[in-house]
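Colleague: make a model of this:
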Amino acid sequence: MAQVIIRRSTSDLGGLPKSLRKDHARFLAHRRDGLVTYGPIFHGPAPAGYLYQTDLPGNVPDAVAHFIAEDPLAVNGVVEADEISDWHCALTLRQPTAPPRPGLQGFFFHGTAKPGITDLRNTIVPAHRAHLQPKDASNCLARGYLTDAGGKVWLGSAMVYEFPNRAALDDFFRTEPYCTNGIYERIDIYEWQRGVIG
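Modeller: Alright, predicted model coming up:
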């Protein structure tokens with residue numbers, strides 16, 4: 001089982017000491033095989049934290065617990081809160097081996113489901129996938145759905161896309177079936193940067 005880990009922080013990650021940024025880069029390199037995507041997230045110019053989409057080896061609760069405890073951002077008190085969700089990764093692409101896409105900007109789309117919406121969501125999954133799949137090779141780094149620990153209750157979506165700008169992302173999701181059918185209670189879109197803290 002994969003996870004989405006949002007490490008909330010209002011600290012300017014780019015302003016962290018060079019030694020901490022190097023420690024974090026080493027941490028990422030050591031866990032490369034378990035990382036689907038990773039990078040700092042922002043609300044406009046304001047820092048919002050750091051995103052990991054992971055597929056860690058071993059026992060999931062233990063692997064996640066070790067991962068978040070060993071992250072230098074947590075060890076050094078940068079993390080203010082964690083949001084961890086079970087995530088069903090739909091693509092095989094992994095950021096560490098994905099070629100760069102010059103001229104495109106990264107975004108993290110985090111949709112939170114309305115309560116009790118799983119049955120309706122299940123009826124529109126084919127239309128949702130048909131809308132997303134044409135952009136898988138050109139604009140998507142990772143996408144998948146969030147569930148409860150048993151995997152039966154749909155809790156939302158977690159997707160990383162790269163588009164020329166926010167307007168292009170918004171245009172893509174304007175006609176996306178989950179959005180047009182109103183099954184999200186909340187949608188958060190963060191600016192996202194690939195990889196290590198600069």
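Colleague: could you give the mean pLDDT of the longest helix that the chain contains?
Modeller: As assigned by DSSP state H, the longest helix anywhere in the chain is helix 118-132. The average pLDDT within helix 118-132 is 97.
Colleague: quick one: list the elements packing against it.
Modeller: In this structure, helix 118-132 packs against strand 154-163, helix 177-180, with contacts taken as 3 or more CB pairs under 8 Å, 6 or more residues apart in numbering; DSSP states H and E. No exception for glycine: its C-beta is placed from N, CA and C like everyone else's.
Colleague: let me know the next secondary structure element after that helix.
Modeller: Under the assignment DSSP states H and E, the closest C-terminal helix or strand after helix 118-132 is strand 140-147.
Colleague: how far does that following strand sit from the chain's center?
Modeller: 7 Å (CA atoms, centre = their mean, to the nearest Å).
Colleague: what angle separates it from helix 118-132?
Modeller: In terms of direction (axes from the mean of the first three to the mean of the last three CA atoms, to 10 degrees), strand 140-147 departs from helix 118-132 by 170 degrees.
Colleague: which other helices and strands contact the helix or strand of the chain with the lowest mean pLDDT?
Modeller: Here the helix or strand of the chain ranked lowest by mean pLDDT, DSSP states H and E is helix 60-70, holding a mean of 91. Here helix 60-70 touches strand 2-8, strand 46-54, strand 81-89, going by 3+ CB pairs under 8 Å, 6+ apart.
Colleague: need those in TSV (columns: mean pLDDT).
Modeller: As requested, those are exported to TSV (pLDDT from 0 to 100):
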stretch	mean pLDDT
strand 2-8	95
strand 46-54	95
strand 81-89	94
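Colleague: including mean neighbour count and distance to residue 62, could those go into a markdown table?
Modeller: Shown next, in a markdown table, are the helices and strands packed on helix 60-70 (neighbours: other CB atoms under 10 Å; distance: least, CB to CB, whole Å):
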| stretch | mean neighbour count | distance to residue 62 |
| --- | --- | --- |
| strand 2-8 | 21 | 12 |
| strand 46-54 | 21 | 13 |
| strand 81-89 | 17 | 13 |
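Colleague: nearest to residue 136, of these?
Modeller: Comparing the helices and strands packed on helix 60-70 against residue 136 with CB to CB, the closest turns out to be strand 81-89 (12.3 Å).
Colleague: list the strands paired with the closest one, with their directions.
Modeller: Using DSSP bridges, the strands paired with strand 81-89 are strand 2-8 (antiparallel), strand 140-147 (antiparallel).
Colleague: and the angle from whichever helix or strand comes after the shortest one to helix 60-70?
Modeller: Following the chain from strand 2-8 toward its C-terminal end, the next helix or strand by DSSP H and E is helix 18-30. For the pair helix 18-30 and helix 60-70, the angle between their directions (the same axes, to 10 degrees) equals 160 degrees.
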